[in-house]
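**Student:** Below: sequence and its predicted model.
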Protein chains: 2
Amino acid sequence: MRARKIDRRPVAQPPVAQRILDVAEQLVQTRGFNGFSYADVAETLLVTKASLHYHFPAKADLGRALIERYHLVFGQALAAIDRQVPDARGKLRRYIGLYDSVLRNNRMCLCGMLAAEYATLPIQMQKELLRFFDANEVWLATVLEDGRRAGDLSFRGPAKQRARSILGALEGAMLVARAYGNGRRFLSAAKQVLADVCIEHAAERELMASAAF
Amino acid sequence: MRARKIDRRPVAQPPVAQRILDVAEQLVQTRGFNGFSYADVAETLLVTKASLHYHFPAKADLGRALIERYHLVFGQALAAIDRQVPDARGKLRRYIGLYDSVLRNNRMCLCGMLAAEYATLPIQMQKELLRFFDANEVWLATVLEDGRRAGDLSFRGPAKQRARSILGALEGAMLVARAYGNGRRFLSAAKQVLADVCIEHAAERELMASAAF
DNA sequence: GTCTATAGGTGGATAGAC
DNA sequence: GTCTATCCACCTATAGAC
């Protein structure tokens, strides 16, 4: 039996490409895609710019990888919510929690940030960006529709439309709240978004209460 | 009596500084403050970069002037609404119309765009930016509070809080809609924002209707 | 006020050694 | 895979002539 090789890795570390993405992601979420450079990433990771270009030849490649990973992780988070939370209101609360946790790190949603810079992005990034928003809307619309059918939620009009306005409202609330450096601003707005898909339900209760007495 | 000098100006034109601001504004609203350069403005106006620096020595000066003018014009528009429209719902509709007209030119709200780039902006621009949002919130909160008192609007909680969530919702709806290049997305979301401050009113009507029959 | 010319820096990206 | 060295385009900004 052959002796095993000694594992020289000091500690388990994520592969280089991942660490690059981690740093770049933070930079894009705070400064924007046009607001950071390879030099910024290199300085943080104590490597040279040339080394970064080995992993991501062009900035567009890095940007595309950022969106794809973000989309993937976000999708996994949504799947986890679906597994763990049964009711629609609870799911929406958790969904809001995802945004809130991003904002707590003084970051903007990666894709909200990129949406602002949309006109300056490589076409590939533009496409991936819309795919992210599409996926969010599909998930939200499903939750909304199911919640309404179950009587857990109440709102007018198509669920798809509601999903879009909720997505926009959360992105916008985040955008402004981060400028003020005030996370409570976001949570306050998010709670109202949530209340707005329950409000008629409350009105129905009032109706029933007034009918009872 | 002395002969008058011939007016050599071909047509009445806005002063140079204004034309610079016009071009820069359009560029910032579409590409962001970090996404345009003096060279872009110079090329459009057929002047040299050096000439621009005469009017706005540093880019920060240009940026600050942009926000101040935007704030001023926006304030005048709000004052016009107050003069022309008596009811709160009508005022909100006109307010939404302001955003819509910006989006129709494939632009993002100047200050929404700058909010995304907030972390990279000169301090002076950051301050002016928050002043703009503050003014919007004050106006909105007044409209909301007056509308509620007059029975024209109906919503829960402090008007200030509603004002903030409406501002965020409109900025966010704009942000996403512009990426999709679809103005209807914005209008759809905006209508829901409007409906959400009338919805309980509708519920009250239902209540009264059910009480009557 | 606008120009030419240029400084001084940073951007993304590549070649080739190790 | 990471490095050194370098390229070239572009950036903000200034000096000084007209």
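**Tutor:** Cool, got the structure. Numbering: from 1, shown residues only, chains lettered A, B, ... in the order given.
**Student:** Chain A: strands as residue ranges?
**Tutor:** Per DSSP state E, chain A has no strands. Nothing in it meets that criterion.
**Student:** Close to DNA strand C: what parts of it are there?
**Tutor:** Contact residues, chain A versus DNA strand C (Cβ under 7 Å from any atom of the strand): A:36-40, A:49-50, A:53, A:57-60. Placement of C-beta: from N, CA and C, glycine included.
**Student:** Nearest to residue A:81 among those residues?
**Tutor:** When the residues of chain A next to DNA strand C are compared for distance to residue A:81 (Cβ to Cβ), residue A:36 comes out closest, at 30.6 Å.
**Student:** Check what pLDDT the residue nearest to that closest one when sequence neighbours are not counted gets.
**Tutor:** Of all residues not flanking residue A:36 in the chain, residue A:27 sits nearest, at 3.8 Å (Cβ to Cβ, 6 or more residues apart in numbering or on different chains). Predicted confidence (pLDDT) for residue A:27: 98.
**Student:** Residue A:27 contacts residue A:42, correct?
**Tutor:** No. Residue A:27 is beyond contact range of residue A:42, at 11.4 Å (criterion: Cβ atoms under 8 Å).
**Student:** Distance of residue A:14 relative to residue A:45?
**Tutor:** Distance from residue A:14 to residue A:45, counting by Cβ to Cβ, to the nearest Å: 12 Å.
**Student:** higher neighbour count, those two?
**Tutor:** Neighbours per residue (other Cβ atoms under 10 Å in any protein chain shown) separate residue A:14 from residue A:45, with residue A:45 holding more: 16 against 10.
**Student:** Please name the residues that touch that one.
**Tutor:** Counting by Cβ atoms under 8 Å, 6 or more residues apart in numbering or on different chains, residue A:45 makes contact with A:19-20, A:23.
**Student:** low-confidence ranges in chain A?
**Tutor:** For chain A, applying pLDDT under 70 flags the ranges A:1-4, A:6-10, A:199-213.
**Student:** how about the residues of it that lie near DNA strand D?
**Tutor:** By Cβ under 7 Å from any atom of the strand, the residues of chain A that approach DNA strand D are A:16, A:46-51, A:54-55.
**Student:** which of those count as buried?
**Tutor:** By neighbour count, with 16 or more other Cβ atoms under 10 Å in any protein chain shown, these hold A:47, A:55 as buried.
**Student:** any idea which of the residues of chain A next to DNA strand D is closest to chain B?
**Tutor:** For the residues of chain A next to DNA strand D, the residue nearest chain B by Cβ to the nearest Cβ is residue A:49; the value is 19.3 Å.
**Student:** is it true that that closest one touches residue A:42?
**Tutor:** Yes. Contact criterion Cβ under 8 Å: residue A:49 and residue A:42 qualify, at 4.8 Å.
**Student:** Looking at the residues of chain A next to DNA strand C, spot the one nearest chain B.
**Tutor:** Distances from chain B to the residues of chain A next to DNA strand C, taken by Cβ to the nearest Cβ, are shortest for residue A:36, at 8.9 Å.
**Student:** Around that closest one, count how many other residues there are.
**Tutor:** Applying other Cβ under 10 Å, we find 20 residues neighbouring residue A:36.
**Student:** One more: residue A:86?
**Tutor:** With neighbours defined by other Cβ under 10 Å, the count for residue A:86 comes to 10.
**Student:** now swap in residue A:158 and tell me
**Tutor:** Neighbour tally, residue A:158, other Cβ under 10 Å: 13.
**Student:** and it, what are its phi and psi?
**Tutor:** Phi and psi for residue A:158, reported as degrees, to the nearest 10, are phi -70, psi 140.
**Student:** Would you enumerate the residues in contact with whichever residue of chain A sits closest to DNA strand C?
**Tutor:** Using Cβ to the nearest atom of the strand, the closest approach of chain A to DNA strand C is made by residue A:37 at 2.8 Å. Contacts for residue A:37 (Cβ under 8 Å, 6+ apart) come out as none.
**Student:** ok, so what distance separates it from residue A:16?
**Tutor:** Distance from residue A:37 to residue A:16, by Cβ to Cβ: 18 Å.
**Student:** Then residue A:119?
**Tutor:** To residue A:16, residue A:119 is 32 Å away according to Cβ to Cβ.
**Student:** can you list contacts of stretch A:79-88?
**Tutor:** Stretch A:79-88 is contacted from outside by A:91, A:94-95, A:143-144, A:146-148, A:150, A:152-153, using Cβ under 8 Å, 6+ apart.
**Student:** which one of these sits closest to residue B:135?
**Tutor:** For the contacts of stretch A:79-88, the closest approach to residue B:135 (Cβ to Cβ) belongs to residue A:95, at 31.4 Å.
**Student:** Hmm, residue A:144 and the closest one touching each other?
**Tutor:** No. Using Cβ under 8 Å, residue A:95 is not in contact with residue A:144; the gap is 10.8 Å.
**Student:** residues touching the residue nearest the centre of chain A, list them.
**Tutor:** Centrality entry for chain A: nearest residue to the mean C-alpha point is residue A:109, 5.3 Å, by Cα atoms, centre = their mean. Counting by Cβ under 8 Å, 6+ apart, residue A:109 touches A:29, A:99, A:102, A:171, A:174.
**Student:** Same check on residue A:34?
**Tutor:** With contacts defined as Cβ under 8 Å, 6+ apart, the neighbours of residue A:34 are A:117, A:120, B:32, B:34-35.
**Student:** got it, and residue A:59?
**Tutor:** Contacts of residue A:59 by Cβ under 8 Å, 6+ apart are residue A:38.
**Student:** how about 10 Å then?
**Tutor:** Taking Cβ atoms under 10 Å, 6 or more residues apart in numbering or on different chains, we find residue A:59 in contact with A:24, A:33-34, A:36-38, A:52-53, A:122, A:125.
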